[in-house]
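K.L.:
fold the following.
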Amino acid sequence: MSDNVALCVDLDGTLIHSDLLLESFLLLIKHNPLYLLLVPVWLLGGKANLKRQIASRVTLDGSALPYTKPLVAWLHEQKAAGRPLWLCTASDARLAQAVADHLGIFDGVLASNGQTNLSGRNKAAALVAQFGEKGFDYCGNEKIDLTVWPHARGAIVVNASASLAAQAGRLTQVLGEYPFKAGGLKVLLKALRVHQWAKNALIFVPVAAAHQLGDTTVLGQALMAFVAFSLCASSVYLLNDMLDLAADRQHHSKCNRPFAAGTLSLLFGLLAAPLLLVAAVLIALLLPAKFLLVLAAYYVVTLAYSFSLKRMVMIDVLTLAGLYTVRIVAGAAATNIALSFWLLMFAIFIFLSLAIVKRYAELHVMKQQGKLKAKGRGYQVEDLSLLQSLGGASGYLSILVLALYLNTPDIARMYSQPKLVWLLVPIMLYWISRIWMQTHRGNMHDDPLVYALKDRVSLVTGAMAAVVLALAV
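P.N.:
Numbers count the residues shown, from 1 in each chain. Predicted structure coming up:
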């Protein structure tokens with residue numbers, strides 16, 4: 001292979017496991033959701049105009065993209081050997097230049113300019129005009145690149161199927177392949193965060209507290225509410241992950257989330273999020289109207305959290321505590337069970353403690369990595385000791401509320417052995433203390449509620465509490 005032949009590299013799906021149009025679109029609506037109203041107007045001027053209008057309103061961080069690392073490593077080798085490298089993409093020139101500036105290996109950039117969408121035949125014509133027929137090798141990944149490869153001396157097929165590589169081979173010589181193995185169902189379930197659905201089991205708390213788990217009608221209503229809440233939550237998770245790409249890609253574990261890593265298309269997320277929400281609403285319509293209101297409130301507050309509240313110190317953890325608590329409210333609304341003031345107070349304090357656990361754990365990792373501030377958050381490493389004090393105090397306040405409740409006449413009416421229920425106090429004191437001890441030691445690597453469902457000691461503690469309540473009934 002002659003080092004003098006230009007090596008032209010596609011960007012979307014090839015150089016990166018993503019699409020800059022969708023990446024920039026998400027940056028735009030995160031900055032101001034009202035821009036959604038202008039997108040159709042911009043599109044009337046053509047796709048190139050849409051790309052330019054979006055690109056002119058966002059700032060792309062070239063370092064915060066999911067690059068195809070084996071390809072990038074090879075490109076560096078080609079550059080070191082003196083070969084001319086060009087970035088050739090249908091993305092807008094402003095965004096493409098940000099990528100080129102970050103990598104520092106390209107001799108030039110050919111991209112959409114606001115008038116011409118440099119894709120398919122337009123890209124082929126531009127490459128032939130720049131380098132001549134058969135005067136370049138081209139790295140691509142999609143079927144539309146089949147219009148470019150006939151004019152190229154050779155093809156490098158990246159992140160594509162074997163069938164596309166075979167088609168490229170019938171048009172020109174395939175010089176190399178960089179296959180990408182899709183994650184399939186496992187990646188999809190990870191994006192939907194199905195494991196987080198366990199938190200929605202809080203919907204059953206009012207049913208259990210009212211001793212109505214044996215009522216099949218009430219239990220069926222709670223189950224429908226659980227499904228609706230889970231679908232709604234997954235819709236929000238998808239949207240949240242798409243809006244938080246830059247911060248997630250710099251996080252020690254969130255960088256492995258499907259959208260951040262580029263293992264799942266952003267287009268899938270943009271289509272699936274509203275569909276899941278519609279499915280959740282349809283199920284909610286089968287339940288009392290007040291459940292739909294609670295579900296709507298959850299969705300609105302969660303959106304507010306994704307767009308701005310997550311970056312506000314203490315407001316974020318108070319919001320998280322409220323979002324945990326609203327699941328209990330939803331369970332009561334779906335089953336027409338009256339909510340207890342004591343249950344709500346206990347929930348608010350215990351969930352505030354667990355929300356602070358989550359922030360503390362993130363900052364603890366930041367400290368170990370030598371970072372001073374959490375990306376996309378308002379917290380600093382020096383806040384760790386204060387957060388520990390606030391979180392521990394909130395957890396112990398929840399136990400105080402529980403103890404005060406156990407001294408009310410309600411307990412004598414609901415339990416035949418009310419004194420046994422007092423055993424819940426030391427059990428809960430042990431559990432919340434251990435949670436904070438584990439967090440302080442750096443062992444909290446997940447959402448604390450999800451952690452509790454995986455932690456053997458927490459499961460044993462929960463089983464002991466259940467046995468106590470069963471014996472007391």
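K.L.:
alpha carbons only for contacts and neighbour counts from here, please
P.N.:
OK.
K.L.:
poorly predicted segments of the stretch 251-400 of the chain, please.
P.N.:
Applying pLDDT under 70 to the stretch 251-400 of the chain flags the ranges 372-377.
K.L.:
go again using 80 as the cut-off
P.N.:
Within the stretch 251-400 of the chain, the stretches falling below the threshold (pLDDT under 80) are 251-253, 307, 368-378.
K.L.:
enumerate the positions of stretch 220-237 that are buried.
P.N.:
By 16 or more other C-alpha atoms under 10 Å, the buried positions in stretch 220-237 come out as 221-237.
K.L.:
meant to ask about stretch 385-403, not that
P.N.:
So stretch 385-403, judged by 16+ other C-alpha under 10 Å, has buried residues 387-388, 391-392, 394-403.
K.L.:
which residues touch stretch 14-26?
P.N.:
Stretch 14-26 is contacted by residues 9, 12-13, 51, 54-55, 58, 60, 65-68, 71-72, 91, 95, 139-141, 158-159, 242-243, 261-263, 265-267 when judged by C-alpha atoms under 8 Å, 6 or more residues apart in numbering.
K.L.:
show me how to select, in ChimeraX, the buried members of those.
P.N.:
Only the buried entries of these go into this ChimeraX selection, using 16+ other C-alpha under 10 Å:
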select :9,12,13,51,54,55,58,60,65,66,67,68,71,72,91,95,139,140,141,158,159,242,243,261,262,263,265,266
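K.L.:
in helices only, show me the contacts of stretch 14-26.
P.N.:
51, 54, 55, 71, 72, 95, 242, 243, 261, 266, 267 (DSSP state H).
K.L.:
now, the most widely separated pair of those?
P.N.:
Spatial extent of these (C-alpha to C-alpha) is set by the pair 54 and 71 at 27.8 Å.
K.L.:
what's the spacing between residue 437 and residue 456?
P.N.:
15 Å (C-alpha to C-alpha, to the nearest Å).
K.L.:
and what of residue 69?
P.N.:
38 Å.
K.L.:
tell me where the stretch 301-450 of the chain has helices.
P.N.:
Assigned by DSSP state H, counting those that start in this stretch, the helices in the stretch 301-450 of the chain fall at 315-335, 341-368, 384-405, 409-414, 424-440, 448-454.
K.L.:
pull the residues that contact the fourth one.
P.N.:
Under the criterion C-alpha under 8 Å, 6+ apart, residues 405, 418, 473 lie in contact with helix 409-414.
K.L.:
what mean pLDDT does stretch 123-143 get?
P.N.:
Mean per-residue pLDDT for stretch 123-143: 96.
K.L.:
so which of the ones in helices among the contacts of stretch 14-26 is the closest to residue 44?
P.N.:
Distance to residue 44, by C-alpha to C-alpha, is smallest for residue 51 among the ones in helices among the contacts of stretch 14-26, at 11.9 Å.
K.L.:
for the closest residue to that closest one other than its chain neighbours, give me its contacts.
P.N.:
Distances taken as C-alpha to C-alpha, 6 or more residues apart in numbering place residue 92 nearest to residue 51, at 5.7 Å, with adjacent residues excluded. Counting by C-alpha under 8 Å, 6+ apart, residue 92 touches 48, 51, 52, 55, 111, 112, 113, 114.
K.L.:
retrieve the pLDDT associated with the first one.
P.N.:
When you say that, I think you mean residue 48. So residue 48 comes in at 96 (pLDDT).
K.L.:
now the phi/psi pair for residue 461, please.
P.N.:
phi -60, psi -40 (degrees, to the nearest 10).
K.L.:
please verify my assumption that it contacts residue 427.
P.N.:
Yes - counting by C-alpha atoms under 8 Å, residue 427 is a contact partner of residue 461 at 6.8 Å.
K.L.:
residue ranges of the strands in the protein, please?
P.N.:
Using DSSP state E, the strands of the chain run over residues 6-9, 85-92, 108-112, 136-140, 154-158, 173-178.
K.L.:
do you know how far the spatially most distant residue from the centre of the chain is from residue 469?
P.N.:
For the chain, the residue at maximal distance from the C-alpha centroid (C-alpha atoms, centre = their mean) is residue 416, at 46.5 Å. Distance of residue 416 to residue 469, given as C-alpha to C-alpha: 10 Å.
K.L.:
same deal with residue 419?
P.N.:
In terms of C-alpha to C-alpha, residue 419 sits 11 Å off from residue 469.
K.L.:
what about these two, which has more around it?
P.N.:
In this view residue 419 and residue 469 are compared by other C-alpha atoms under 10 Å, and residue 469 has more residues nearby, 19 against 13.
K.L.:
which residue is the nearest non-sequential neighbour of that one?
P.N.:
Using C-alpha to C-alpha, 6+ apart, the nearest residue to residue 469 is residue 421, at 6.3 Å.
K.L.:
report the contact partners of that neighbour.
P.N.:
By C-alpha under 8 Å, 6+ apart, the neighbours of residue 421 are 406, 468, 469, 472.
K.L.:
was I right to think the first one contacts residue 422?
P.N.:
What that stands for is residue 406. Yes - the criterion here is C-alpha under 8 Å, and residue 406 meets it with residue 422 at 6.8 Å.
K.L.:
please enumerate the helices of the stretch 101-250 of the chain.
P.N.:
For the stretch 101-250 of the chain, the helices defined by DSSP H, counting those that start in this stretch occupy 121-131, 162-169, 185-192, 205-209, 216-243, 245-249.
K.L.:
of all those helices, which one is nearest residue 41?
P.N.:
With C-alpha to C-alpha as the measure, helix 216-243 is the member of these nearest residue 41 (22.7 Å).
K.L.:
which ones are touching the nearest residue to residue 303 once chain neighbours are set aside?
P.N.:
In space, and not counting its chain neighbours, residue 303 is closest to residue 236: 7.2 Å by C-alpha to C-alpha, 6+ apart. By C-alpha under 8 Å, 6+ apart, the residues touching residue 236 are 273, 299, 302, 303.
K.L.:
and of the residues you listed, the nearest to residue 196?
P.N.:
The closest of the contacts of residue 236 to residue 196 turns out to be residue 302 (C-alpha to C-alpha; 14.7 Å).
K.L.:
good, wrapping up.
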